[in-house]
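Visitor: pasting the structure only:
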């Protein structure tokens with residue numbers, strides 16, 4: 001495994017739609033493993049392949065340490081309800097904002113071996129899934145921000161949301 005460089009907000013790759021993964025092979029596994037190491041090193045909750053300069057539809061989420069979710073070619077099947085909470089992004093260090101997202105989502109994706117999976121996400125997981133899928137579509141969270149907040153406000157809001165990382 002290796003640490004990869006996380007692209008910053010001014011990198012053009014973050015605004016491009018990622019291509020589908022077609023080969024569920026060693027190369028994909030290395031990417032996912034590197035992304036996990038990079039995510040853990042950065043102290044984040046989620047990371048999409050475009051954030052490390054790879055325009056493929058792959059993302060990872062780790063809300064609780066040791067409980068990794070890998071999603072390849074994810075599709076948002078349904079989204080219900082509305083929640084407004086603060087978000088940040090590893091590609092936008094020090095920037096936090098209030099973003100409205102669905103409360104409940106259903107996502108169809110594939111695991112690293114090409115097996116179809118379904119993920120039901122509520123509240124915090126729903127937010128993370130939507131955030132990472134947006135990255136794969138070339139959309140960054142600042143495009144959804146209704147109000148920017150400072151770090152202290154964002155951290156207090158994260159605790160209320162139940163972030164455990």
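Guide: Done, it's in. Note that the structure is predicted; figures quoted are calculated from it, not measured. Residues are numbered from 1 along each chain as shown.
Visitor: Spatially central residue in this structure, please.
Guide: What sits nearest the mean C-alpha location of the chain, by C-alpha atoms, centre = their mean, is residue 132, with 2.8 Å.
Visitor: and it, what is it in contact with?
Guide: 46, 47, 48, 59, 60, 61, 71, 74 (C-beta atoms under 8 Å, 6 or more residues apart in numbering). Using the backbone N, CA and C atoms, a C-beta is placed for each residue, glycine as well.
Visitor: Just read off the phi/psi values of the third one.
Guide: If I follow you right, that is residue 48. Note on residue 48: backbone dihedrals following degrees, to the nearest 10 are phi -110, psi 150.
Visitor: May I have the beta-bridge partners of it?
Guide: Note on residue 48: beta-bridge partners by DSSP bridges are residue 59.
Visitor: these two touch, right, it and residue 137?
Guide: No: counting by C-beta atoms under 8 Å, residue 137 is not a contact partner of residue 48; they are 9.7 Å apart.
Visitor: intersection of neighbour lists for those two?
Guide: residue 18.
Visitor: higher neighbour count, the two?
Guide: Shown here are residue 48 and residue 137; by other C-beta atoms under 10 Å, residue 48 has more neighbours (28 against 15).
Visitor: measure that one to residue 12 for me?
Guide: Computed as C-beta to C-beta, to the nearest Å, the residue 48 to residue 12 distance reads 15 Å.
Visitor: Over to residue 25?
Guide: Residue 25 sits 27 Å away from residue 12, taking C-beta to C-beta as the criterion.
Visitor: which of the two has more neighbours?
Guide: Neighbour tally, residue 25 and residue 12, criterion other C-beta under 10 Å: the higher count belongs to residue 25, 12 against 8.
Visitor: where does that one land on pLDDT?
Guide: On the pLDDT scale, residue 25 is placed at 98.
Visitor: Please report how far it lies from residue 112.
Guide: The spacing between residue 25 and residue 112, counted by C-beta to C-beta, is 10 Å.
Visitor: Stretch 84-101 - what's its average pLDDT?
Guide: Taken as a whole, stretch 84-101 has an average pLDDT of 95.
Visitor: Hmm, residue 70 is touching residue 31, no?
Guide: No: assessed by C-beta under 8 Å, residue 70 is found out of contact with residue 31, at 10.2 Å.
Visitor: so who does residue 88 touch?
Guide: Applying C-beta under 8 Å, 6+ apart, we find residue 88 in contact with 95, 96, 141, 154.
Visitor: count of neighbours near the second one?
Guide: Neighbourhood size, residue 96 [other C-beta under 10 Å]: 23.
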